[in-house]
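A.B. asks: what's the 3D shape of this:
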Amino acid sequence: MMSNGVVRITEFGDWDSVEQLIDEAGDTMRSAVAESAEWISMIMLGDAIANAPQSLPDPTKGTDKSKASSGMLKQSIESKVDETDAGITARISTNLDYAPYNEYGTGQRGAQSNLTFKDEDGNISFSSNWAGMVARPFMRPALYNNEAIFREELKANIRKALGL
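C.D. replies: As a prediction, this is how the structure comes out:
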């Protein structure tokens, strides 16, 4: 789900078993997971930047083209890996307020994308009283297209940490 331009991974497989392995193997396992998170976050960052729209689909409709053509969206995407006692989190995000409009679309065209996007207050952002803009996802494809790669990288690093 994306909120404030941040994709949150809520399920990426059987994390309970991964967390159990981390607890049992301690720092060695934690380092293996952190290494995987760092590596895949860089892959996903590159994909998100490559997929991010450079310009608006129809700049003649009274839209401020300067934001889109400047590449601000691409430049704003960043990667961060946090390690806390609770776990390791890789985050690919942008702080631009218009990023969700690109990811999910707007108006009738956004609603046709069959995506569910809710803002912080739980409101669907698609308005049926105007045509809007089609969804041009860039964050979700960066996640979904790399899921298998992430799983393999994580497995490899865990095996290496366990000496298997």
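A.B. asks: which SS state does residue 92 fall under?
C.D. replies: strand (DSSP: H, G, I helix; E, B strand; the rest coil).
A.B. asks: Quickly list what it is bridged to.
C.D. replies: Assessed by DSSP bridges, residue 92 has beta-bridge partners residue 79.
A.B. asks: For it, which residues are in contact?
C.D. replies: Taking C-beta atoms under 8 Å, 6 or more residues apart in numbering, we find residue 92 in contact with 7, 41, 44, 45, 48, 77, 78, 79, 139, 142, 143. C-beta here means a position set from N, CA and C on the backbone, and glycine is covered the same way.
A.B. asks: Quick check: of the residues you listed, which lies closest to residue 102?
C.D. replies: residue 139 (9.1 Å; C-beta to C-beta).
A.B. asks: how much space between the closest one and residue 157?
C.D. replies: Per C-beta to C-beta, to the nearest Å, residue 139 is found 24 Å from residue 157.
A.B. asks: Among the two, which residue is more densely surrounded?
C.D. replies: residue 139 (25 against 19; other C-beta atoms under 10 Å).
A.B. asks: in stretch 77-86, what's buried?
C.D. replies: Neighbour counts over stretch 77-86 (16 or more other C-beta atoms under 10 Å) mark 77, 79, 81 as buried.
A.B. asks: Provide a complete list of residue ranges assigned to helices in the chain.
C.D. replies: Counting by DSSP state H, the segments of the chain that form helices are 15-25, 27-51, 65-69, 72-76, 99-104, 107-111, 139-144, 147-162.
A.B. asks: counting contacts, what elements does the last one pack onto?
C.D. replies: It stands for helix 147-162. Where contact means 3 or more C-beta pairs under 8 Å, 6 or more residues apart in numbering; DSSP states H and E, helix 147-162 is packed against helix 15-25, helix 27-51.
A.B. asks: Could you identify which of the ones you listed has the lowest mean pLDDT?
C.D. replies: Mean pLDDT is lowest for helix 15-25 among the helices and strands packed on helix 147-162, at a mean of 65.
A.B. asks: quick revisit: among the helices of the chain, which comes closest to residue 86?
C.D. replies: Residue 86 lies closest, by C-beta to C-beta, to one member of these: helix 15-25, at 10.0 Å.
A.B. asks: Quick check, pLDDT for residue 78.
C.D. replies: In the prediction, the pLDDT value recorded for residue 78 is 94.
A.B. asks: How about it: what's its closest non-neighbour residue?
C.D. replies: Of all residues not flanking residue 78 in the chain, residue 93 sits nearest, at 6.3 Å (C-beta to C-beta, 6 or more residues apart in numbering).
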